[in-house]
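Novice: sequence-free structure coming up:
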Ligand code: SF4
């Protein structure tokens, strides 16, 4: 995990910093960003980052101290920000709750920080308290020129979260997510894709509920991760992996990946990355934007062989998962023979086997392949997304042409004869189409239907 925001340079840590860092290590914290709140604390953040590979630094002047953000102070931040351990400018922003500096001075300081972040190509860490509209206004002016940023300890509404995502920012969640009275915050966070969320403690402040009353420290970020996992219906491992990847993207850190991902767990299922090729070019396809699915980089240099997959599956104790799913960033049935070979072994080992497909297996192989899957595959999920051939052609751009849609419907009817569970999925892009797809699946095809969220992959 990565604690994207802590103030370890504060006096609260002066007596026991080594044991705080030991606790962080034991809790699996890979990096901690020590965030400056004035020039002096920014210098101390850098000095600490020089002492530990785990510590990174951010330099900035908090809105409480905006009155000190003179031209010479900003010039000093410019000099400090060139240090190699500095990964961001901040924290900066507005705090109209306490207004310890006059609003106009907060605005000038905020603007100067944003300009500095633009000039240096660094992301910006935003503090926003009781100032959502003003924050949105000034950030909208700068957003196109910033390399990115994070809304630290997010307390805004759904509208501000949506804007932050439009600017390419991440949204950071801290201890308040765990508080009993934070229902409003939790419902906003539920709407934000996990791919845009990062974790923080804001230590020594905002201690998560299970430790409330004690000084906060980076190891406690685990409680925030646990609450986020609960909210998102993900495992703690999923949240740790995805938010760490997000934080690395935010701060431009090395991704530290090694080797290709042939199998990958999400929640309680184990997925098999069969191929990166596809017979569609769907307008919404995530593979045109990013190779990541729930924090796993699915880029393949070559398609894995059946032996590669069997070896990778074996290392994961496949029976401990609810199901094993042939999926990946492409169309699995392009590798029909591999699926049959691996599925046979998985069935012998007592696993439940699912294939997520675009339903074009019969077009790909020029024959009805469904009977060959009987006894090997327990469940087939067909991504349909459209209720007519015309709409399918426009949305999914299949290489087999306009008649692809009718072949998919035929494939689904065949699956009903040979596969125990068959369902159709559609994205919630257009409510009318969603309704039409649901009707087509349930009433005409007699199979299950599942709605998928446009922004939610994996
Ligand atoms: S069928 Fe799936 S993998 Fe293929 S282009 Fe469409 S969304 Fe992407």
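Specialist: Cool, the structure landed. If you're wondering where the values come from, they're calculated on a predicted model, not measured in any experiment.

Novice: neighbours of the nearest residue to residue 118 once chain neighbours are set aside, just the number please.
Specialist: Spatially, and ignoring its direct neighbours in sequence, residue 118 is nearest to residue 145 (4.5 Å; C-beta to C-beta, 6 or more residues apart in numbering). From N, CA and C alone the C-beta is placed, and that goes for glycine too. Residues within reach of residue 145, counting by other C-beta atoms under 10 Å, total 12.

Novice: can you check residue 162 too?
Specialist: The burial count assigned to residue 162 is 13, neighbours taken as other C-beta under 10 Å.

Novice: could you list every residue that touches residue 81?
Specialist: Neighbouring residues of residue 81 by C-beta atoms under 8 Å, 6 or more residues apart in numbering: 59, 89, 116, 120, 122.

Novice: In terms of pLDDT, where does the last one sit?
Specialist: As predicted, residue 122 sits at a pLDDT of 97.

Novice: And the first one, by the same measure?
Specialist: Residue 59 is assigned 98 on the pLDDT scale.

Novice: shouldn't it be in contact with residue 87?
Specialist: No: Residue 59 is beyond contact range of residue 87, at 9.8 Å (criterion: C-beta atoms under 8 Å).

Novice: Those two: who's more crowded?
Specialist: Taking neighbours as other C-beta under 10 Å, residue 59 and residue 87 compare with residue 59 leading, 33 against 24.

Novice: Tell me what that one is bridged to.
Specialist: Residue 59 has the following beta-bridge partners by DSSP bridges: residue 89.

Novice: Check the secondary structure at residue 72 for me.
Specialist: Look at residue 72: counting by DSSP: H, G, I helix; E, B strand; the rest coil, its state is helix.

Novice: Can you tell me which residues in the protein are near the ligand?
Specialist: Counting by C-beta under 6 Å from any ligand atom, the chain comes close to the ligand at 278, 280, 281, 282, 285, 287, 329, 330, 331, 358, 383, 396.

Novice: Closest one of those residues to residue 217?
Specialist: residue 329 (38.6 Å; C-beta to C-beta).

Novice: quick one: what helix or strand has that closest one in it?
Specialist: Per DSSP states H and E, residue 329 falls between elements, in no helix or strand.

Novice: Which strand or helix spans the closest residue to residue 384 other than its chain neighbours?
Specialist: Excluding its sequence neighbours, the residue lying closest to residue 384 (C-beta to C-beta, 6+ apart) is residue 424, at 4.8 Å. With elements taken from DSSP H and E, the one containing residue 424 is strand 421-427.

Novice: buried stuff in that strand?
Specialist: 422, 423, 424, 425, 426, 427 (16 or more other C-beta atoms under 10 Å).

Novice: Then stretch 59-70?
Specialist: Buried residues in stretch 59-70 (16+ other C-beta under 10 Å): 59, 60, 61, 62, 63, 64, 65, 66, 69.

Novice: Next, the distance between the ends of that stretch.
Specialist: Length of stretch 59-70, first residue to last, C-alpha to C-alpha, to the nearest Å: 15 Å.

Novice: How about residues contacting it?
Specialist: By C-beta under 8 Å, 6+ apart, stretch 59-70 touches 35-39, 42, 45-46, 73, 77, 80-81, 86, 89-95, 98, 100-102, 105-106, 108-110, 112-113, 125, 127.

Novice: switch the cut-off to 6 Å
Specialist: Residues outside stretch 59-70 that contact it (C-beta atoms under 6 Å, 6 or more residues apart in numbering) are 36-38, 42, 77, 80-81, 86, 89-95, 100-101, 105-106, 109, 113, 127.

Novice: what does stretch 197-217 give?
Specialist: 3-6, 10, 12, 20, 153, 170-172, 174-175, 178-179, 218, 220-221, 223-225, 243, 246-247.

Novice: Are any of the residues you listed buried, and if so which?
Specialist: 3-6, 10, 12, 20, 153, 170-172, 174-175, 178, 218, 220-221, 223-225, 243, 246-247.

Novice: Show me the residues you listed that map onto helices.
Specialist: 20, 221, 223, 224, 225, 243, 246, 247 (DSSP state H).

Novice: And the third one, how far from residue 216?
Specialist: As for residue 223, its distance to residue 216 is 10 Å (criterion: C-beta to C-beta, to the nearest Å).

Novice: again with the first one
Specialist: Distance from residue 20 to residue 216, counting by C-beta to C-beta: 10 Å.

Novice: buried sites along the helix or strand bottoming out on mean pLDDT in the chain?
Specialist: Across the helices and strands of the chain, the lowest-confidence element by mean pLDDT, DSSP states H and E is helix 306-315, at a mean of 90. In terms of neighbour count (16+ other C-beta under 10 Å), helix 306-315 has its buried residues at 306, 308, 309, 310, 312, 313.

Novice: elements contacting it?
Specialist: Counting contacts by 3 or more C-beta pairs under 6 Å, 6 or more residues apart in numbering; DSSP states H and E, helix 306-315 packs against helix 336-348.

Novice: Now do the SS call for the residue nearest the centre of the chain.
Specialist: For the chain, the residue whose C-alpha lies nearest the mean C-alpha position (C-alpha atoms, centre = their mean) is residue 195; its distance is 1.6 Å. Under the three-state scheme (three-state DSSP), residue 195 adopts helix.

Novice: And it, how close does it get to residue 247?
Specialist: 12 Å.

Novice: Quick check: pLDDT value at residue 236.
Specialist: 97.

Novice: Next: residue 456.
Specialist: 74.

Novice: Using the three-state scheme, assign it.
Specialist: Of the three states, residue 456 takes coil under three-state DSSP.
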